[in-house]
Structures are given as structure tokens and as C-alpha cells.
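**Q** quick one: sequence and predicted model below, then my questions.
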There are 2 protein chains.
Amino acid sequence: MTGSAASQAGAGSPRARLAAVGLGRWARVMARAYAASDVAELTACYTRNPERRAAFAAEFGCDQADSLEALLARDDVDGIVITAPNDQHAPIIEAAAAAGTHVYTEKPIAVSLADLRRISRAVTGSGIVFACGHSARRLSGLREMKRQISDGETGSVSMVEAVFGNDRGLELKEGDWRADPVASPGGPLTQLGIHQIDNLQYLLGPARRVVAMGQAPRPGIVNQLAVGALLEFDSCLGYLGCNWLSPGSFTIDVYGTAARLRYELDFTWWSKSAQTDAHTRLARTVIAADSADPDARVLAEDAVPLPPGDHLREEIEEFARAIQGTAEVEVGLADAVSNVAVLQAAARSLAGAGAVAVADIMAEIAH
Amino acid sequence: MTGSAASQAGAGSPRARLAAVGLGRWARVMARAYAASDVAELTACYTRNPERRAAFAAEFGCDQADSLEALLARDDVDGIVITAPNDQHAPIIEAAAAAGTHVYTEKPIAVSLADLRRISRAVTGSGIVFACGHSARRLSGLREMKRQISDGETGSVSMVEAVFGNDRGLELKEGDWRADPVASPGGPLTQLGIHQIDNLQYLLGPARRVVAMGQAPRPGIVNQLAVGALLEFDSCLGYLGCNWLSPGSFTIDVYGTAARLRYELDFTWWSKSAQTDAHTRLARTVIAADSADPDARVLAEDAVPLPPGDHLREEIEEFARAIQGTAEVEVGLADAVSNVAVLQAAARSLAGAGAVAVADIMAEIAH
């Protein structure tokens, strides 16, 4: 997109016109998520590899560009959806912001503090709509947990435990970027934990301090494949557990004075965003019969109804509406940067630094 | 019991004759647990308060002694079951060991390092049978998790998360010993967490390093009421979550390369030991349909059958059989001390010490 003011971008179009940049597995998941959308359409795509590009264009019936510059110069591209590797986000976002093209990027926004600085400078003041893909907070159970906490239905919350794991570390090979502690600090912490970092900060506000421990059990793989982190929030503790060494899991436990909540997501359905909510469960446990004798108190657990949604489609459609000026982006630059600051605080702790203040990381990003 | 060699104590009796020392709520739970036992019987009791003593003796149909010395001198007391406050364990155990009377004590064996030293010196070489009440590892689900880990059915385990909480901190008052960080380091960590510390070390071997964070949210209560700790084991990470601020919970999650296990205990039934197992659930999740495409892998969860047991009765009966020379105590001095060393490592970390090596605490206990 060239020449048009960001605030009016796509305003004349019934659907915001999006282009996919980086055409791996997750690009397909994203493209399928908004294939039937009334507010967003996929018009073009780009990745360096011509065969992969052609295959993607054929699969989704969109055009292709043979360079990022060519893609950004097209008249039918209002915004790009980046699913390129994390360390390529910064230059792509810089180019898009310079061209006045709106940006949605997969999480994490970036990994290195230097890239965070570049992205912050490129986006700030550019006028483009900027969204980062932290869609997990849009899962129906997360929205309901947030509502119960905000409405006081849980009472005061003292502890939230969030876990995300899968088996991908078992097939990891030496030299894979996921095996590199710089490219993927804490291994699953960068790829999976970042979702729960956003969820924890969504539920509890900004984390202040982080301490972490990790395990690197696979010979030849120097990166941690299982990580535990403790997070200090304003008036609550958080635990974050991530692993790449076990069948998939995604759970959140909330410990409140009035109720305890447990959310479970069947990982089988993680990347099928239209069906994910239907394979989740939120249980609420309360003291149903109280007594002066603690041994006579009786607990009761109920399943909380969760309306079905589509976390990825909702996120992309919000991005499209924001391009058209009819919505605001929920997770923009500030939240995305803050999530990586927590990630990097955990990574620094993993490297032996003890408890690390998130504010110290934020100060380094700002300078 | 006076004058008899420890190894022959109670050998002539069909049932080991036990006396209750400290007659609060848990003394009743314990006495009920072995009321119908063929190998142990309650013959006497002692606590300082005469009314409480008389009431207990009447309730359970046993004799009473008006001093600890008188109790230990009785011919019909082979062993004592201590449920007195933690800081009274050491002098009671010293007196019992000197009298040649066998000792079962509720967990934790003691809290202060000085008391651990006193107890270690008193018990070591005394010839008495010594057992510490870490009965939770005898829950049917714990035995099954241990078996699956030992038999390799879970594959390699990279992470175990153990949580124990209840609502007792909501009724806590200033001046209560539970509100005192010296008497009850980390609050629920000392009273609830110690169970899971034993469970984690039972499942994974000795913990090496601990780091902890806590929350003390109640005005006037200086002690932490919610605590999270990360534990480093030989080839695994552990997480321990404890709180006194939410409806009861007791869960253990095991993340193995071949399977993920989740154990849940309905806290309503915690102190009804004959029924506890019937209100627990162990779920095992595996990859039921594998695929080269990670998004096509399908998980399946099954409930693992758990035979019913009675963790408290089994523990007391083992103590009774050990007195009679026909069994060995599973959790003796070494394990009980090691559990408190982990607790104190966590407490030291809570006090701002960063990650603490358990070996440092053990060295201090030894000197």
C-alpha cells in the first residue's frame, strides 16, 4: 500500500485486503481462519522461496509478489500478516511501516531487545495499525476467567498457574533455531510460554519480577526444553510451566478466595481455531457447605458454560476493522513488547541471574 | 515403655500398644484411622490440658497419663503418636528415645534446624523405631504415579507440578503460630507444602536447589499465605504451589515423554483417610494417533484405575509392625529431615536469598 494515509487505509473497501508474509505452517492456519470472513480477505502473499510461494498462492487463490517491496507497493494490500521467523520480523515491519502498510505479526513480536527497539521506533508515530498475535486471550475460557476476576466472582486471586507444553522437542535436531537459546530463549518459553505470559498479564496486569529454572535433557541440544518460572504481580503470584517433552497441554488454574478456576484446552484442537473452544473446559470450585470445623467443609465443582468463538478469526477481523477505522486493536505494540520483556527476564534468570526485574528489561529496550 | 530392648518391644503383644501425645484435631483423625486395626491399638494418651485429656480418653476409651514421663514409663505403651505442635516435637522425641519408646510423629518432623539437630541426635543410635507422617505418598494415585515413572511407562519425566492449598488463611488471626514465619515458614508451605515436598522427593529423588516467591496479602499477617517454589532435581524440574487463600486443592501433574499424568484429590475427603482414595482421579494422556504433521496428532486421555486404600491406617500399621519387628518404616529420620531441608531452602529463598542449595541446609543441620 503506497501513499494513502493510514487512518483511511482500506476505508473504501468492503473487506480489508491482507497479504501473507512468511508462508510456513502457521500462515496456512491463519489464512484458513479468515477465509470466510466478511471483513478481511487474502489478496496476495510473499516468501523468498518461489516454489513455496506458488504453492501457497495456488492453495488459497491469491496473487503472489516476488519481493517484499513489490508486495508493499501493491494497490490491493492494506495490511500484511507476518508469520516469518521471529528474527525477520523487525526488517519486515520497518519496511511495512515505511510504506504505510498495516501490520499484524505472529507472536512473539520479536525476541532480541535490539529488534524490539527497531520495531518500536518503526511503528511509533508511523500511523499504521499494529497488532500482535496473542490470540489465546480470546479463547472463550480466558474471557470468562477475566470476567470472573474483574467482577469479583473469584474473590481476591493470590495465585495463577499457566502451563503450555507439547512434544515438539522430541524431534528437535541440532542446528534447528528452536535449539538455539538466543533465537528461542528457554525453548518452549519463547514459542509456547509467550502465549501464557500474555494470558497472565491479561488476567493480572504487568508482571514485576521473574525467576526461572530450566532443563536441557537432550544430548547435543543446548537449549532448555522444559522451563518453570515464577512471576510476581502486583498482588498475586504466577507460575508458568512450559515444555517440549510431553503430550500437549494447555491449562490455567486461578486460586481466588471465593472460587478456584481450572481451564483445560485439548491441545489436539489448538490450531483448528474455529473448533478450539468446543474442546476446552472451565471448572469452578467453591466451598458449597461451610462449617466451623474445617474437616466438615464440602467443596463443589461445576463446569462453566463457554460460548464457542474463533480466537484467530476474531483477532484478524479486529485487525481488519482497525484498518477500516471501526475497531481498536486489543494487543498492540505496548503489550507485545511487555510480553517479550517478561520472556527476556525469564531468559536472563535461566542464565543464572536469580530473580530479574521486568522494569530493568523495559529500561534496556527504551535506551 | 521402660527397660526393654527396642528391637523386642511389643513383640509379645498381638497388637502394638500406642499412646497419643498432643490431643488436637489431628490426634482424633489419627486415632480413628487405626481404631479397627489388628496390629495397633490406642492404650493411653497425654496432653498438658487435663480437660482435653479426659475428653480424648473418654472418646476413644483409653487411659490417660498426667505427665509425659508417666506416659513413657507405662508398661502398656510401646510407641507414641505425636501430633503436638511442631516446636514441641524435639523435647518429646528426646524423652521418648531416652525411655526406649518408639516414635511416630506428624509432619513436619520439626521446623527449626536446631530442632532437627536435637531430634537427629536423639534418634540416631537409640534403637527406637522412628516414623514421620508423610502419608500422602501412600495415596493410591501416588503409588501408581511412582510405579509408572519407575517402570518407564511415562518415559523420561522433565517436569512435575504439585499443588496443595486450602482456605485456612482466611480465618487466620494475628498472633496465631501459623501467622509466624519462624514457626511456620512460608505459611502453607510448612503445613501443606511439606506433603508435596515429600511426594516430589518420593517421585523424583532428592531436590538439589530451590527458589521461591511468596505473597502476604492479609493486613496484620506478616507470613506468606501463598507461595510458589521451583525445585531442581537430578534430571527434572519441580513446581510446588501452596496457598491458604482458596478452596482446597491437591493436584500433581507429571510431564513425561511417553505420557502426561494428572492426579486430583477432592480436598473434602482429605482427613477421612479410609475414603480419600475413592475421591481421587488419575488421568493419563498420550499421543493416541501420531503424525508427521504436528497439527494432525491426536491426544487421548484415560482414567487410570486406583485401588482404594487408607493412607493413615497403612502408615500407623507399618509403624506398629516395625515395632513388632515384622516391617520397616518407609519414611524415617533421613527422609523427614531431608523434607524439612527443602522447606527451609524455600524459606530462605522467600527471605530474599535467591536460589538456595539444599545441600547447604543439610550441612548446617549436620553441624
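**A** That came in fine, so what should we check first?

**Q** quick one, helices of the stretch 151-300 of chain A?
**A** A:188, A:194-204 (DSSP state H, counting those that start in this stretch).

**Q** excluding its backbone neighbours, what's nearest residue A:195?
**A** Leaving out its chain neighbours, the residue that sits closest to residue A:195 by CB to CB, 6 or more residues apart in numbering or on different chains is residue A:136, at 4.4 Å. In this view, the C-beta of every residue, glycine as well, is placed from N, C-alpha and C.

**Q** no wait, residue A:96
**A** Nearest to residue A:96 is residue A:103, by CB to CB, 6+ apart, at 4.9 Å.

**Q** mind listing the residues bridging to that neighbour?
**A** With DSSP bridges as the criterion, residue A:103 is bridged to residue A:80, residue A:130.

**Q** cool, residue A:280 as well?
**A** residue A:265.

**Q** could you check how many residues crowd around it?
**A** Residue A:280 has 19 neighbouring residues, counting by other CB atoms under 10 Å in any protein chain shown.

**Q** so what's it up against?
**A** Contact analysis of residue A:280 by CB atoms under 8 Å, 6 or more residues apart in numbering or on different chains lists A:139, A:140, A:141, A:263, A:264, A:265, A:266, A:306.

**Q** any chance of these in TSV, plus pLDDT and neighbour count?
**A** Below are the contacts of residue A:280 laid out as TSV (pLDDT from 0 to 100; neighbours: other CB atoms under 10 Å in any protein chain shown):
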residue	pLDDT	neighbour count
A:139	98	26
A:140	98	21
A:141	98	22
A:263	98	23
A:264	98	19
A:265	98	23
A:266	97	20
A:306	98	18
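
**Q** between those, which sits nearest chain B?
**A** Nearest to chain B among those is residue A:266, at 6.5 Å by CB to the nearest CB.

**Q** right, and the closest one touches residue B:300 too?
**A** No - Residue A:266 is beyond contact range of residue B:300, at 9.9 Å (criterion: CB atoms under 8 Å).

**Q** how far away is the residue of the stretch 51-200 of chain A found nearest chain B from residue A:255?
**A** Per CB to the nearest CB, residue A:158 is where the stretch 51-200 of chain A lies closest to chain B, at 3.8 Å. Per CB to CB, to the nearest Å, residue A:158 is found 6 Å from residue A:255.

**Q** what residues are bridge-paired with residue A:42?
**A** Applying DSSP bridges, one finds that residue A:42 bridges with residue A:18.

**Q** tally of neighbours for it?
**A** Residue A:42: 25 surrounding residues under other CB under 10 Å.

**Q** close enough to count as contact, it and residue A:62?
**A** Yes - with contact defined as CB under 8 Å, residue A:42 counts as touching residue A:62 (4.9 Å).

**Q** mutual contacts of these two, please.
**A** A:19, A:20.

**Q** I figured residue A:82 hits residue A:95, correct?
**A** No - assessed by CB under 8 Å, residue A:82 is found out of contact with residue A:95, at 10.8 Å.

**Q** out of the two, which sits in the more crowded spot?
**A** Taking other CB under 10 Å, residue A:82 and residue A:95 do not tie; residue A:82 has more neighbours (24 against 18).

**Q** surely residue A:127 is in a strand?
**A** No - remark: residue A:127 does not belong to a strand; assigned using DSSP: H, G, I helix; E, B strand; the rest coil, it is coil.

**Q** for the residue nearest to residue A:33 when sequence neighbours are not counted, which three-state class applies?
**A** In this structure, residue A:33 finds its nearest non-sequential neighbour in residue A:312, 3.7 Å apart by CB to CB, 6+ apart. Look at residue A:312: counting by three-state DSSP, its state is helix.

**Q** for residue A:312, give me its contacts.
**A** Contacts of residue A:312 were listed using CB under 8 Å, 6+ apart, and they are A:29, A:30, A:33, A:34, A:133, A:135, A:273.

**Q** burial check on residue A:48, number of neighbours?
**A** Residues contacting residue A:48 under the criterion other CB under 10 Å number 13.

**Q** gap between it and chain B?
**A** Taking CB to the nearest CB, to the nearest Å as the measure, residue A:48 falls 23 Å from chain B.

**Q** now do the closest residue to residue A:234 other than its chain neighbours against residue A:157, distance only.
**A** Once flanking residues are discounted, residue A:234 sits nearest to residue A:205: 5.7 Å by CB to CB, 6+ apart. When distance is defined by CB to CB, residue A:205 is 11 Å away from residue A:157.

**Q** first to last residue in stretch A:232-246, what's the distance?
**A** 27 Å (CA to CA, to the nearest Å).

**Q** could I get the buried residue list for that stretch?
**A** A:232-233, A:236-246 (16 or more other CB atoms under 10 Å in any protein chain shown).

**Q** who touches both of residue A:158 and residue A:255?
**A** Residues touching both residue A:158 and residue A:255 (CB under 8 Å, 6+ apart) are B:226, B:243, B:245, B:246.

**Q** show me those that map onto strands.
**A** Per DSSP state E, strands hold the following members of those: B:226, B:243.

**Q** relative to residue B:321, which of the shared contacts of residue A:158 and residue A:255 is nearest.
**A** Comparing the shared contacts of residue A:158 and residue A:255 against residue B:321 with CB to CB places residue B:243 closest, at 36.5 Å.

**Q** okay, and the beta partners of that closest one?
**A** Using DSSP bridges, the beta-bridge partners of residue B:243 come out as residue B:165, residue B:226.

**Q** list the contacts of it.
**A** By CB under 8 Å, 6+ apart, residue B:243 lies in contact with A:158, A:159, A:255, B:165, B:166, B:169, B:188, B:225, B:226, B:227.

**Q** try 10 Å
**A** Contacts for residue B:243 (CB atoms under 10 Å, 6 or more residues apart in numbering or on different chains) come out as A:158-159, A:237, A:255, A:257, A:260, B:163-169, B:187-189, B:192-193, B:214-215, B:224-228, B:249.

**Q** one more: residue A:226?
**A** By CB under 10 Å, 6+ apart, the residues touching residue A:226 are A:165, A:169, A:186-189, A:213-217, A:241-246, B:157-159, B:236-237, B:255.

**Q** picking up where we left off before, can I get the contacts of residue A:280 in a markdown table with distance to residue A:340?
**A** As requested, those are exported to a markdown table (distance: CB to CB, whole Å):
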| residue | distance to residue A:340 |
| --- | --- |
| A:139 | 21 |
| A:140 | 26 |
| A:141 | 24 |
| A:263 | 24 |
| A:264 | 27 |
| A:265 | 23 |
| A:266 | 28 |
| A:306 | 29 |
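
**Q** and which of these is nearest to residue B:283?
**A** The shortest approach to residue B:283 among these belongs to residue A:264, at 10.1 Å (CB to CB).

**Q** now the strands for the stretch 151-300 of chain A?
**A** Using DSSP state E, counting those that start in this stretch, the strands found in the stretch 151-300 of chain A span residues A:157-165, A:209-215, A:226-232, A:237-243, A:249-256, A:260-265, A:280-289, A:298-303.

**Q** tell me which of those strands sits nearest to residue A:363.
**A** strand A:209-215 (14.2 Å).

**Q** quick one: average confidence on that closest one?
**A** Across strand A:209-215, the average pLDDT comes to 95.

**Q** how about that strand, does it get close to chain B?
**A** Yes - using CB under 10 Å from any CB of the partner chain, we find that strand A:209-215 touches chain B at A:209, A:210, A:211, A:212, A:213, A:214, A:215.

**Q** got CSV for these, with neighbour count too?
**A** Converted to CSV, those look like this (neighbours: other CB atoms under 10 Å in any protein chain shown):
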residue, neighbour count
A:209, 19
A:210, 29
A:211, 25
A:212, 31
A:213, 23
A:214, 28
A:215, 20
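
**Q** alright, that wraps it up for me.
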